[in-house]
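# Just need the structure, nothing else, for what follows:
(chains A and B)
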2 protein chains.
Amino acid sequence: MKKFINQINSLLDDSLTGFAKAHADIIRLNKQPYFITRSQPKTAGKVALISGGGSGHEPLHIGFVGAGMLDAACPGQVFTSPTPDQMLAAAQAVEQGGGVLFIVKNYAGDVMNFEIAAEMLDCLQATVLVDDDVSFPKTHSTGRRGVAGTLIVEKILGAAAEQGADLAYCQALGEKVSRATASLGVALTSCTVPALGKPTFTIDDTEMEMGVGIHGERGRATVSLSHATDIVEQLCHAIEEDLQPQKNQSVLLHINGFGATPLMELYLIYELAAQYWQQRGIHIVRSLVGNYTTSLDMAGCSITLTLLDDELLRWWDAPVHTSHLRWGC
Amino acid sequence: MKKFINQINSLLDDSLTGFAKAHADIIRLNKQPYFITRSQPKTAGKVALISGGGSGHEPLHIGFVGAGMLDAACPGQVFTSPTPDQMLAAAQAVEQGGGVLFIVKNYAGDVMNFEIAAEMLDCLQATVLVDDDVSFPKTHSTGRRGVAGTLIVEKILGAAAEQGADLAYCQALGEKVSRATASLGVALTSCTVPALGKPTFTIDDTEMEMGVGIHGERGRATVSLSHATDIVEQLCHAIEEDLQPQKNQSVLLHINGFGATPLMELYLIYELAAQYWQQRGIHIVRSLVGNYTTSLDMAGCSITLTLLDDELLRWWDAPVHTSHLRWGC
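Okay, the predicted model is just below:
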């Protein structure tokens, strides 16, 4: 896969510099170590929300820094965990008296490095682990991976923190959203990590990778490519088995593109998923369709469902003003 | 290239139905014939802005229907012009006393069908032709193609129409924006039209297609793949020769992804393009980076520059609330 690139070792710096220039009204870039913060002044007493992870999933997480969502994001190298010094420096930069809440996708490197940063950080703090990927059973040795549901956790916690909720409430809310959220993805092609220059996995023209991870990790099974209705049924069925939504349940339905799948196909997937849930008496009251948690240039998508109650719906609807998620303000 | 699809002949309907469900707060879908309108009530006396074109370029145009931008969009089949009956029905649905302004990308099919619709439409009307692609010389027999600059014309005219500008002003403004805007694109891969199922063109792993059109039309030349700085210099140089921006000129810089190029690379391109213009004393006062005028699953990007004055800047900054462009409201 060909790339727009000068040198591998300058890609992240150039890209983040461009991101910061293009969105100077919303965010600022710190270098040495890298982290993104809001450009607006801090709010005394507010809980500071910090996330991060390997780059290559943009707009996650840097595109979600701003009013009503994250206070800071720490980008690692492509598909590589950020380092504890990034997380520590970001926390020290955005801590504003209400404590720090780390939102961490469940990957060994991220978990370990956020833990080290937390140990070094000398203020009130807590962590929310996101593990929404139902590709693995709940009993899997390393737990489930955090995927596209992370955005939903970040949005909902961002709204609560913005409106003055305290650290204990935000942590409990994060765990509640994470429990209420399930995702499953499917890849039609592999992604290509720039430093490797070749696809992460090989997949035949007649196959698809069911339960793929957002780094192109193999998932549940490599299966025959089928038509869209069948694919959606496989994805939704796994989510249904996990979340067991009851009739008349209100939900948020999020169709996430992995990067190279056209919007036209993502809206087709949305329509078929909406039909699946509607046939079961589930009420889709909020929707989000687009490329939000990507895997570089991978073709494919994931479906995420979050069970909503009045509390979660209120926070989801609250104003948000970031470079890549914006409404109500 | 594998696709999420059931049947070719139901793809557009399913996808548009999903789009309308996901964005029911902003738009409505009419079937037989297909067009998208705003869900909010009409404003008496307002100029109605209508655009359209082949599908496969999403979010262009359907994602730009809403307050402060288009009143209606007519989606054709993939890479196929919409038909005059779509444009006529859309115009009749959204005409609100101020006349109808068609915004048309310069492609033979679009131009012809919008002309037929205009002849059949019995109200005050005008047309703005967008031809921002500097891949062809100005003297080319069919003129230049309309590409990513179309979004900028639609945004600026949308703001003026929303604030009560009359048809003559909107038409003159559209021609002014179109003259002040130049684009050039480069493809690293071909796109694949679903009904064909194979790439539109072949391109070697060591080559790129300079001056590519948004349907994968071959452009200026198939050249050797080079590093990102060289690619950006080639694109910007062609735009500079065409627009001849003077030192201290204020501009809008738009980096558009064709669909399969990761945001990380688009922000790298933005950074390099920003450096190019800054070195020439050009002031980048507004930016837009992302996949806005796509070519299905093509990897590549285009650079668009619009020369701004106070009038254009004011309209660009005005509130917009569509499914895919939103600020200030």
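# Contact partners for the closest residue to chain B within the stretch 101-250 of chain A?
Among residues of the stretch 101-250 of chain A, the one nearest chain B by C-beta to the nearest C-beta turns out to be A:L188. It sits 4.1 Å away. C-beta: built from backbone N, CA, C; applies to glycine. A:L188 is in contact with A:I203, A:M208, A:E209, A:L225, A:T261, A:A299, A:G300, B:K2, B:K3, B:F4, counting by C-beta atoms under 8 Å, 6 or more residues apart in numbering or on different chains.
# Which residue, neighbours along the chain excluded, lies closest to the residue of the stretch 151-300 of chain A found nearest chain B?
The nearest approach of the stretch 151-300 of chain A to chain B comes at A:E271, 3.1 Å away (C-beta to the nearest C-beta). Spatial nearest neighbour of A:E271, chain neighbours left out: B:G18 (3.1 Å); criterion: C-beta to C-beta, 6 or more residues apart in numbering or on different chains.
# Distance check, A:D309 against chain B.
21 Å (C-beta to the nearest C-beta, to the nearest Å).
# If we ignore the residues flanking it in sequence, what's nearest that residue?
Nearest non-adjacent residue to A:D309, counting by C-beta to C-beta, 6+ apart: A:S250, 7.5 Å away.
# what bridges to the one you found?
Beta-bridge partners for A:S250, by DSSP bridges, are A:H283, A:L308.
# quick one: it from B:M87, how far?
Distance, A:S250 to B:M87, using C-beta to C-beta, to the nearest Å: 39 Å.
# So between those two, which is more surrounded?
Taking other C-beta atoms under 10 Å in any protein chain shown, A:S250 and B:M87 do not tie; B:M87 has more neighbours (30 against 17).
# Verify the contact between the more buried one and B:V104 for me.
No. If you go by C-beta atoms under 8 Å, B:M87 and B:V104 don't touch, sitting 9.4 Å apart.
# shared neighbours, the two?
Common neighbours of B:M87 and B:V104 (C-beta under 8 Å, 6+ apart) are B:F114.
# residue contacts, A:C191?
Per C-beta under 8 Å, 6+ apart, neighbours of A:C191: A:G56, A:P199, A:T200, A:H215, A:G216, A:F258, A:G259, A:S295, A:L296, A:D297, A:M298.
# from the residues you listed, which is closest to B:A318?
Nearest to B:A318 among the contacts of A:C191: A:G259, at 31.6 Å, using C-beta to C-beta.
# so what pLDDT did that closest one get?
On pLDDT, A:G259 comes in at 97.
# what's the neighbour count on it?
30.
# Who are the contact partners of the nearest residue to A:V78 once chain neighbours are set aside?
Leaving aside its sequence neighbours, A:V78 sits nearest to A:G56 (C-beta to C-beta, 6+ apart; 4.4 Å). The contact partners of A:G56, taken as C-beta under 8 Å, 6+ apart, are A:V78, A:F79, A:C191, A:V193, A:H215, A:T294, A:S295, A:L296, B:P262, B:M264.
# pretty sure the first one contacts A:P194?
Yes. Counting by C-beta under 8 Å, A:V78 does reach A:P194; the two are 6.1 Å apart.
# How confident is the prediction for A:M1, by pLDDT?
74.
# typed the wrong thing, it's A:T139
88.
# Report the secondary structure state of it.
What DSSP: H, G, I helix; E, B strand; the rest coil gives for A:T139 is coil.
# That one: how many residues sit nearby?
7.
# From A:A108, how far off is A:S141?
For A:S141, the distance to A:A108 - C-beta to C-beta - is 11 Å.
# Show me which of these two is the more surrounded one.
A:A108 (10 against 5).
# Could I get the contacting residues of the more buried one?
Counted by C-beta under 8 Å, 6+ apart, A:A108 has contacts A:T142.
# I'd assumed A:I156 was in a helix, is it?
Yes. A:I156 sits within a helix when classified using three-state DSSP.
# Excluding chain neighbours, what is closest to it?
A:W315 (4.4 Å).
# And the one you found, what's its pLDDT?
Value for A:W315, per-residue pLDDT: 98.
# what does A:K31 give?
98.
# Helix, strand, or coil at the closest residue to it other than its chain neighbours?
Closest residue in space to A:K31, ignoring its immediate chain neighbours: A:D13 at 7.4 Å, by C-beta to C-beta, 6+ apart. Classification of A:D13 using three-state DSSP returns helix.
# My read is that A:D13 contacts A:L29, right?
No. Taking contacts as C-beta under 8 Å, A:D13 lies outside contact range of A:L29: 9.5 Å.
# higher neighbour count, the two?
A:L29 (19 against 15).
# now the residue nearest to A:K31: how far from A:I26?
In terms of C-beta to C-beta, A:D13 sits 20 Å off from A:I26.
# How many residues are close by the closest residue to A:L312 other than its chain neighbours?
Nearest residue to A:L312 in three dimensions, chain neighbours excluded: A:I156, at 5.9 Å (C-beta to C-beta, 6+ apart). A:I156: 29 surrounding residues under other C-beta under 10 Å.
# Quick check, A:I156 in contact with A:V177.
Yes. Between A:I156 and A:V177 there is a contact under C-beta under 8 Å: 5.1 Å.
# and for these two, which residues touch both?
In contact with both A:I156 and A:V177: A:L312, using C-beta under 8 Å, 6+ apart.
# Now name the helix or strand holding A:L129.
strand A:125-130 (DSSP states H and E).
# In that strand, which residues are buried?
A:Q125, A:A126, A:T127, A:V128, A:L129, A:V130 (16 or more other C-beta atoms under 10 Å in any protein chain shown).
# which strands and helices sit next to it?
Contacting strand A:125-130 under the criterion 3 or more C-beta pairs under 8 Å, 6 or more residues apart in numbering or on different chains; DSSP states H and E are the following elements: strand A:100-105, helix A:108-120, helix A:149-162, helix A:167-179.
# and the first one, what does it pack onto?
It stands for strand A:100-105. Judged by 3+ C-beta pairs under 8 Å, 6+ apart, the packing partners of strand A:100-105 are strand A:48-55, helix A:84-94, helix A:108-120, strand A:125-130, helix A:149-162, helix A:167-179.
# quick check: mean pLDDT across it?
Mean predicted confidence for strand A:100-105 is 98.
# Same question for the last one.
Helix A:167-179 carries an average pLDDT of 98.
# got the end-to-end distance for stretch A:99-115?
16 Å (C-alpha to C-alpha, to the nearest Å).
# Let me see the contact set for A:C236.
Here A:C236 is in contact with A:A273, A:Y276, A:W277, A:I303, A:L305 (C-beta under 8 Å, 6+ apart).
# By neighbours, which of the residues you listed wins?
Counting by other C-beta under 10 Å, top hit in the contacts of A:C236: A:L305 with 30 neighbours.
# Is that residue in a helix, a strand, or coil?
Criterion first, three-state DSSP; result for A:L305: strand.
# right, and it touches A:L243 too?
Yes. Counting by C-beta under 8 Å, A:L305 does reach A:L243; the two are 6.1 Å apart.
# Pull up the overlap in contacts between those two.
In contact with both A:L305 and A:L243: A:A182, using C-beta under 8 Å, 6+ apart.
# ranges for the helices of the stretch 201-329 of chain A?
Taking DSSP state H, counting those that start in this stretch as the test, the helices found in the stretch 201-329 of chain A are A:228-243, A:263-279, A:310-317.
# Could you list every helix and strand that the last one packs against?
Pointing back at helix A:310-317 there. Using 3+ C-beta pairs under 8 Å, 6+ apart: helix A:310-317 touches helix A:149-162, helix A:167-179, strand A:250-257, strand A:283-290.
# residues in contact with the last one?
The one in question is strand A:283-290. A:151, A:248-257, A:263, A:266-267, A:270, A:274, A:277-278, A:308, A:313, A:316-317, B:18, B:21-23.
# in it, what's buried?
For strand A:283-290, by 16+ other C-beta under 10 Å, it's A:I284, A:R286, A:S287, A:L288, A:V289, A:G290.
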